[in-house]
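> Sequence first, then the predicted structure:
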Amino acid sequence: MKKNILVGVCGGIASYKTCELIRLLVKDAFNVKVVMTESATRFVSPLVFQTLCDNPVYLDMFALFKEDRPQHIDIAQWASCAVIAPLSANTLSKIASGICDNLLTTVICALPGNTKLILAPAMNNCMWENPLIQKNIQTLKNLKKYIIMPAEKGELACGTYGQGRMPSPEDIYSKIKSALR
């Protein structure tokens with residue numbers, strides 16, 4: 001049975017790595033759909049993701065489609081597993097607070113209870129270490145539904161060295177495969 005993977009993409013320089021994640025999933029015969037935040041479109045074009053996954057890319061919560069149900073419900077119920085890579089500090093905090101002010105956060109809130117959500121954060125090390133971000137991470141960990149991959153340590157796009165790098169596409173791919181077992 002072909003598995004459906006929903007990939008959420010937030011704004012951040014690490015979003016270019018999500019192209020490789022999608023390539024790995026498609027190569028392994030997963031059916032992939034992408035939901036992007038508006039800021040994510042500033043880093044990688046929706047056309048790139050659409051071409052890689054051969055499915056429409058979802059951007060606008062109020063776009064008109066021909067589905068029988070609201071778009072965010074259809075997308076959420078379609079997914080066998082969901083991943084957000086990269087996960088920004090902004091979207092992380094919205095999810096932890098139950099804020100649904102864009103298509104991605106609304107879809108995540110509407111995921112069925114048995115659908116695993118893998119979060120692959122990427123942000124500056126000071127943002128990662130911020131006590132509010134760490135509190136939000138702990139809030140999500142306590143819910144057991146969320147699989148939070150720790151940000152990796154290394155050179156960051158801003159030129160600093162520290163923890164904040166998005167996990168590698170290969171590691172995220174492995175986490176998706178194990179979540180589906």
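Thanks, I have it.

> which residues does the residue nearest to Ile148 when sequence neighbours are not counted contact?
Nearest non-adjacent residue to Ile148, counting by CB to CB, 6 or more residues apart in numbering: Leu119, 4.8 Å away. Quick note: C-beta positions are derived from backbone N, CA and C, even for glycine. For Leu119, the contact set (CB atoms under 8 Å, 6 or more residues apart in numbering) comprises 83-84, 87, 92, 95, 140, 146-149.

> What about Gln134, how many residues nearby?
11 (other CB atoms under 10 Å).

> Kindly apply the preceding question to Ile95 instead.
24.

> To which secondary structure element type does it belong?
helix (DSSP: H, G, I helix; E, B strand; the rest coil).

> That one contacts Val107, correct?
No. With contact defined as CB atoms under 8 Å, Ile95 does not reach Val107; the gap is 10.8 Å.

> Show me the strands in the chain, by range?
Using DSSP state E, the strands of the chain run over 4-9, 31-36, 57-58, 81-87, 116-121, 146-148, 152-155, 161-165.

> Of those, which is nearest Lys135?
strand 146-148 (12.9 Å; CB to CB).

> Gln163 against Trp128, yeah?
Yes. With contact defined as CB under 8 Å, Gln163 and Trp128 form a contacting pair (5.4 Å).

> shared neighbours of these two, which are they?
Ala151.
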